[in-house]
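Predicted structure and sequence below. I'll ask about it afterward.
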Amino acid sequence: MSDGPAIELTGLTKRYGQVTGVDRLSLAVRSGEVFGFLGPNGAGKTTTLRCLIGLLRPSEGRVRVLGLDPLTDHRRVAPHLGYLPGELRFYPELSGAETLDLLSALQGAAVPRRRELCDRLGLTHAILTRPVGGYSRGMKQKLGLVQAMQHDPRLVVLDEPTEGLDPLVQETFFALLREAAAAGRTVLLSSHILPEVQRTCGRVAIIRDGRLVTVQSVAGLREARARRIRLAFVDGKGARSLGGAERWTPRWHGDRVELLVPPSEVVGALRDLLGLPVADVTVEEAGLDEAFLDLYRTGKTEDRP
Ligand SMILES: Nc1ncnc2c1ncn2[C@@H]1O[C@H](COP(=O)(O)OP(=O)(O)OP(=O)(O)O)[C@@H](O)[C@H]1O
């Protein structure tokens with residue numbers, strides 16, 4: 001098993017009949033990274049994750065997980081891989097403990113962390129002996145997290161991991177991620193929740209329509225985030241045309257207007273705008289969530305034909 005990247009995707013493409021779920025995606029996640037995977041609904045996140053863990057066969061391209069092909073080398077990869085699916089399905093008649101036993105047999109690994117994880121996530125003996133069919137959503141999610149990490153895998157792939165967890169349990173989950181990173185484990189976290197990614201991940205990939213929009217450090221994304229320019233007009237005279245600055249898709253609130261402008265273009269935008277009857281102007285950094293939303297909406301994909 002290699003010391004190279006924990007995950008390496010080269011031109012990964014997955015088609016479902018006429019629909020292309022993932023389109024020529026290339027990406028490398030280094031060992032020891034906590035890596036965020038973001039994108040709007042239908043972007044191709046789950047499809048990518050399923051190809052990674054060997055549940056789906058790519059239509060084209062190459063997938064390497066810990067240096068191995070997750071389909072043909074499944075038995076060698078499985079003990080080192082933990083996966084929390086976005087939609088958990090358990091056998092309802094099995095107890096929590098039986099479910100964990102079944103899944104560890106499939107992983108083909110010992111479970112040195114099961115007890116500790118159950119304790120920390122509040123899965124008591126009483127809960128673990130009950131049939132999973134009677135579990136609440138949060139309890140199922142906790143069981144999903146335990147099975148993904150019970151064998152202390154080198155790579156943990158998590159699809160929407162905090163879904164259904166209360167804030168206290170989320171804190172425990174974030175602590176688990178920090179510890180995993182400190183212990184040199186690699187984590188791939190697919191999420192819609194921007195602050196969650198901001199808090200936990202060093203780098204993040206954003207995909208849209210199955211294609212890569214960007215891979216950046218969270219710190220880099222912050223620096224590149226748009227500036228918000230707010231203007232008020234003299235005597236409430238809303239200049240309904242902003243001339244060249246119209247290209248920033250102005251949002252009007254009565255006679256005030258707001259624009260999101262990339263940092264490198266703020267000075268030019270102000271030049272255009274200050275020719276108008278402006279009474280007041282403020283410029284501030286947009287939130288990180290807006291930086292992401294901007295990329296979701298308008299970011300060019302990296303490998304357009
Ligand atoms: N089994 C399938 N059959 C047909 N099309 C599919 C199938 N699974 C996914 N798709 C399509 O592939 C594309 C990517 O879907 P995917 O579930 O990977 O996106 P996602 O980013 O995980 O979305 P979400 O955030 O909504 O879960 C979508 O257009 C989806 O409709």
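Everything's here; your move.

thinking Gly244 is in contact with Leu274, fair?
No: shown here, Gly244 and Leu274 do not form a contact pair, counting by Cβ atoms under 8 Å, at 12.0 Å. Just so you know, the C-beta spots here come from the backbone N, C-alpha and C atoms, and that holds for glycine as well.

Next, Leu158: phi, psi?
Torsion angles at Leu158 (phi, psi; degrees, to the nearest 10) stand at phi -120, psi 120.

The closest residue to it other than its chain neighbours and the ligand, how far apart?
Nearest non-adjacent residue to Leu158, counting by Cβ to Cβ, 6 or more residues apart in numbering: Leu84, 4.6 Å away. Distance, Leu84 to the ligand, by Cβ to the nearest ligand atom, to the nearest Å: 14 Å.

average model confidence for the helix or strand encompassing Trp252?
Element membership for Trp252, per DSSP states H and E: strand 251-253. For strand 251-253, the mean pLDDT works out to 87.

next one: stretch 13-31
Here the average pLDDT along stretch 13-31 is 96.

hmm, back to that, past the strand holding Trp252, which element shows up next along the chain?
Taking DSSP H and E, what comes next after strand 251-253 is strand 256-261.

Go through that next one and flag the buried ones.
Within strand 256-261, the residues that count as buried by 16 or more other Cβ atoms under 10 Å are 257-261.

now do stretch 46-61
Buried, per 16+ other Cβ under 10 Å, within stretch 46-61: 46-54, 56, 58, 61.

can I get these in TSV with pLDDT?
Below are the buried residues of stretch 46-61 laid out as TSV (pLDDT from 0 to 100):
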residue	pLDDT
Thr46	94
Thr47	96
Thr48	96
Leu49	96
Arg50	95
Cys51	96
Leu52	95
Ile53	93
Gly54	94
Leu56	95
Pro58	97
Gly61	97
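
Go back to those residues and keep what's next to the ligand.
Contacts with the ligand are made by 46-47 out of the buried residues of stretch 46-61, judged by Cβ under 6 Å from any ligand atom.

From the buried residues of stretch 46-61, which land in strands?
In strands, judged by DSSP state E, the following of these are found: Gly61.

Show me where the stretch 151-300 of the chain has its strands.
Secondary structure of the stretch 151-300 of the chain (DSSP state E, counting those that start in this stretch): strands located at 155-159, 186-191, 203-208, 211-217, 227-233, 251-253, 256-261, 278-285.

I'd like those written out as JSON lines, with distance to the ligand added.
Listed next are the strands of the stretch 151-300 of the chain as JSON lines, based on distance: least, Cβ to the nearest ligand atom, whole Å:
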{"stretch": "strand 155-159", "distance to the ligand": "8"}
{"stretch": "strand 186-191", "distance to the ligand": "7"}
{"stretch": "strand 203-208", "distance to the ligand": "7"}
{"stretch": "strand 211-217", "distance to the ligand": "11"}
{"stretch": "strand 227-233", "distance to the ligand": "27"}
{"stretch": "strand 251-253", "distance to the ligand": "26"}
{"stretch": "strand 256-261", "distance to the ligand": "24"}
{"stretch": "strand 278-285", "distance to the ligand": "27"}
